[in-house]
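S.K.: from the sequence below, what's the structure:
(2 chains)
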Number of protein chains: 2
Amino acid sequence: MIKNLGRLAALLASTLAVLGSAHAATSAEVLAASKPAEWRAIDPRTTLVMTLANGGEVLIELAPQFAPNTTQNILTLTKQGFFNGLVILRVQDNYVTQWGDPAAGSPGARAQGGLAATLAPEWTRPRKGLAFSELKDGDVYAPEVGISHGMPAARNKREAWLTHCYGMVGVGRDAAPESGNGSELYVVIGHSPRHLDRNITLAGRVIMGMDQLSALPRGTGALGFYQGAEPRLGISSVRISAQLPNGGPAARLEALREDSKSFAALTDARRNRTDDWTKVKAGKIEICNVPLPVRVKP
Amino acid sequence: MIKNLGRLAALLASTLAVLGSAHAATSAEVLAASKPAEWRAIDPRTTLVMTLANGGEVLIELAPQFAPNTTQNILTLTKQGFFNGLVILRVQDNYVTQWGDPAAGSPGARAQGGLAATLAPEWTRPRKGLAFSELKDGDVYAPEVGISHGMPAARNKREAWLTHCYGMVGVGRDAAPESGNGSELYVVIGHSPRHLDRNITLAGRVIMGMDQLSALPRGTGALGFYQGAEPRLGISSVRISAQLPNGGPAARLEALREDSKSFAALTDARRNRTDDWTKVKAGKIEICNVPLPVRVKP
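M.R.: Below is the predicted model:
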């Protein structure tokens, strides 16, 4: 039905401004002007490389500052090859994609790979001692929000926690708080379900390949679980990036530091867009709309 | 890799509580207890039925209370069969799916179906005279938010406008405010890009079949436009539901009225979940997380 393929180039050019973008001109200018010292390395020792049966690759940066024990469990399971050959179990529209062992019976009801079936929840951590770049724009769910160690977070006077923004990875559990041990994981693929904050351990963030998990067919069972003959996409392997040649893909990436001037400028460019397209500036930005740039090292 | 298919049923049952859901028990109880008079009919005269080339069906309720002229334009184009045979042009992860005429050159740069190429923007409307069920939970972007005629909305002292929540449908435009005439449309498929509010005409909401537009492969061109040999999903037809036999699928649906007691109870059930799984109640709800139930008439 494409009447004139040659006009697509014109279409692309003329609609570059349409709707704005995560990489609108002004944001791009900020990033282009950033200095090398404003970027931090991604740690390959705490970054997972998930390879899907369709060849897709997903990189997940873990969050040891928020969930040290869960991070350790996930790393142990990964070293043991626990995730290799498991499947995507659930894709619920505007909610989560979840993966694990379909034979496990429940997210954390049994010991896996020598680890206990249960793990004390890491829903919050002490506020004290945590680097936190506060966002002054307010929030519906938490007294304070900001970015910490590259991830969206919140805090009150005593505690801090990661927030359920798009791309955040959490630990499935049953009703018992300690029932998630990291052997079943999910990622947020829709509008941020912030009511889950402080109810479940968030353990990381997808930093590359998010579309490999967000564009999957939705499951038709309850809560988006695949059922019957619905094909479950396989997970060929999950590996720790550091154990791959040359430190794996994570060793080639870096993230813009949230305490850098360029990060502040980028956030402000999103609050108040100066492109031709934008007529009414938002003036504010919500925590889950803050861009968290990750790039291949130049 | 499924080790034991028979255990999937147990898995499903045991994980029903995992992560909560848009249809958690308490919400389900509220809906089950709702009264017939608390539901409003969906108007088939202003609801579009989009049939995709893969057989998928999407229902879009238009918003004449917010965008009367755009609604009229879209209905006129639909009656003329304008959308039949067009394609999905763009799928940008965590942002939008957009459709229209790939030969058009830009979203609104030329007259279509006897309509002018341009249309005055309907980004806001007067606050006065608009039914509005206010949400008292606050908002980062607007002074007041709430639900109006079944859709998420915001207002200040003078004006009201629809908000860019998941599933909201808007009108692509170029840099000029009047350059969108309704011949190219998009739907939000990720975290709500609220910075677009009041910059573009929102014209409706997907009330059924959202997963048909959210799970599509992401385009690899700039801004998620499909490029080169990437297949573009075709649109077999877009029709007005009222023009189909028996009023079409919209005539069989109804929506929970936002001014009903059950709607208030449902919203509160989401603010403060009482299920076994939830340990820390959110206490508040953000506008784009408010459930807007649509069901087949009992």
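
S.K.: which stretches of the stretch 1-150 of chain A have low pLDDT?
M.R.: A:1-25, A:105-111 (pLDDT under 70).

S.K.: does residue A:146 lie in a helix or a strand, and which?
M.R.: Using DSSP states H and E, residue A:146 maps to strand A:144-148.

S.K.: name every strand pairing with that strand and say which way it goes.
M.R.: strand A:133-135 (antiparallel), strand A:151-155 (antiparallel) (DSSP bridges).

S.K.: other residues contacting it?
M.R.: Among residues not part of strand A:144-148, those counted as contacts by C-beta atoms under 8 Å, 6 or more residues apart in numbering or on different chains are A:65-66, A:130-135, A:137, A:139, A:152-156, A:160, A:162-163, A:258, A:263, A:287, A:290, A:292. In short, each C-beta sits where N, CA and C put it, glycine included.

S.K.: which among the residues you listed end up buried?
M.R.: Neighbour counting with 16 or more other C-beta atoms under 10 Å in any protein chain shown marks A:65-66, A:130, A:132-133, A:135, A:137, A:139, A:152-155, A:160, A:162-163, A:258, A:263, A:287, A:290, A:292 as buried within the contacts of strand A:144-148.

S.K.: shouldn't residue A:265 be in contact with residue A:29?
M.R.: No - with contact defined as C-beta atoms under 8 Å, residue A:265 and residue A:29 do not form a contacting pair (9.1 Å).

S.K.: okay, those two: which has more neighbours?
M.R.: Comparing residue A:265 with residue A:29 by other C-beta atoms under 10 Å in any protein chain shown, the one with more neighbours is residue A:265, at 17 against 14.

S.K.: please tell me how far that one sits from chain B.
M.R.: Per C-beta to the nearest C-beta, to the nearest Å, residue A:265 is found 16 Å from chain B.

S.K.: likewise residue A:73?
M.R.: On the measure of C-beta to the nearest C-beta, residue A:73 and chain B end up 18 Å apart.

S.K.: one more: residue A:130?
M.R.: Counting by C-beta to the nearest C-beta - residue A:130 and chain B are separated by 19 Å.

S.K.: which residues are in contact with the residue lying closest to that residue once chain neighbours are set aside?
M.R.: With C-beta to C-beta, 6 or more residues apart in numbering or on different chains as the criterion, residue A:130 has its nearest non-adjacent residue at 5.1 Å, and that residue is residue A:160. Going by C-beta under 8 Å, 6+ apart, residue A:160 touches A:66, A:124, A:125, A:126, A:127, A:130, A:132, A:148, A:153, A:154.

S.K.: these two touch, right, the first one and residue A:126?
M.R.: No - checked against C-beta under 8 Å, the pair residue A:66 and residue A:126 is beyond contact range at 10.8 Å.

S.K.: strands along the stretch 51-200 of chain A, start to end?
M.R.: Using DSSP state E, counting those that start in this stretch, the strands of the stretch 51-200 of chain A run over residues A:57-62, A:87-91, A:96-100, A:125-126, A:133-135, A:144-148, A:151-155, A:159-162, A:168-171, A:185-188.

S.K.: how about those in CSV, adding distance to residue B:219?
M.R.: Below are the strands of the stretch 51-200 of chain A laid out as CSV (distance: least, C-beta to C-beta, whole Å):
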stretch, distance to residue B:219
strand A:57-62, 19
strand A:87-91, 20
strand A:96-100, 20
strand A:125-126, 39
strand A:133-135, 30
strand A:144-148, 28
strand A:151-155, 26
strand A:159-162, 30
strand A:168-171, 24
strand A:185-188, 21
